[in-house]
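[1] Sequence and predicted structure are below.
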Amino acid sequence: MTKGDALDPKGLIYESYQIDGITKAECRTIFLDWALSLPLDAETGQTIRQMLERYDNAGDGHPMTDVMREGLQGMAAPQRRGGWKSRPRH
């Protein structure tokens with residue numbers, strides 16, 4: 001596990017796995033910061049999968065593992081279009 005590489009530029013995910021007693025809410029905040037630190041051309045879904053593979057030995061019980069899995073599921077869910085395009089025309 002490397003700190004500060006292309007998958008985890010600031011080492012945020014790495015550090016989250018080092019913190020004893022970290023909560024899921026704290027992991028969500030770290031995950032958001034991590035996602036925002038990725039390069040614009042990064043394939044986020046693939047990067048999340050690679051991070052899950054990297055930390056698979058941390059076990060299913062770690063809150064960051066749960067948050068990353070939720071992130072993958074959220075990406076797969078269809079998004080509702082908002083704004084004027086979603087309103088019916090009369």
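    Happy to help now that I have it.
[2] The helix or strand bottoming out on mean pLDDT in the chain packs against which elements?
    Across the helices and strands of the chain, mean confidence by mean pLDDT, DSSP states H and E is lowest for helix 63-76: a mean of 90. Contact here means 3 or more C-beta pairs under 8 Å, 6 or more residues apart in numbering; DSSP states H and E; on that basis helix 63-76 packs against helix 12-18, helix 24-37, helix 44-54. C-beta coordinates here come from the backbone N, C-alpha and C atoms, glycine included.
[3] right, and these - which one's nearest His62?
    Nearest to His62, of all the helices and strands packed on helix 63-76, is helix 12-18, at 6.6 Å by C-beta to C-beta.
[4] what sits up against the closest one?
    Residues from elsewhere that reach helix 12-18 (C-beta atoms under 8 Å, 6 or more residues apart in numbering): 1-4, 7-8, 22, 26-27, 30-31, 33-34, 37, 51, 55, 58, 62, 64, 68.
[5] could I get that helix in PDB with only the CA atoms?
    C-alpha atoms of helix 12-18 as PDB (Å, rounded to 0.1, in the frame of the first residue of the first chain):
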ATOM      1  CA  LEU A  12      -6.300  10.200   2.100                       C
ATOM      2  CA  ILE A  13      -7.700   6.700   1.600                       C
ATOM      3  CA  TYR A  14      -4.500   5.300   3.000                       C
ATOM      4  CA  GLU A  15      -4.700   7.500   6.100                       C
ATOM      5  CA  SER A  16      -8.400   6.600   6.700                       C
ATOM      6  CA  TYR A  17      -7.400   2.900   7.000                       C
ATOM      7  CA  GLN A  18      -4.800   3.900   9.600                       C
END
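[6] For it, buried residues please.
    12-14, 16-17 (16 or more other C-beta atoms under 10 Å).
[7] Can you tell me how far Leu7 is from Arg69?
    According to C-beta to C-beta, to the nearest Å, Leu7 and Arg69 sit 16 Å apart.
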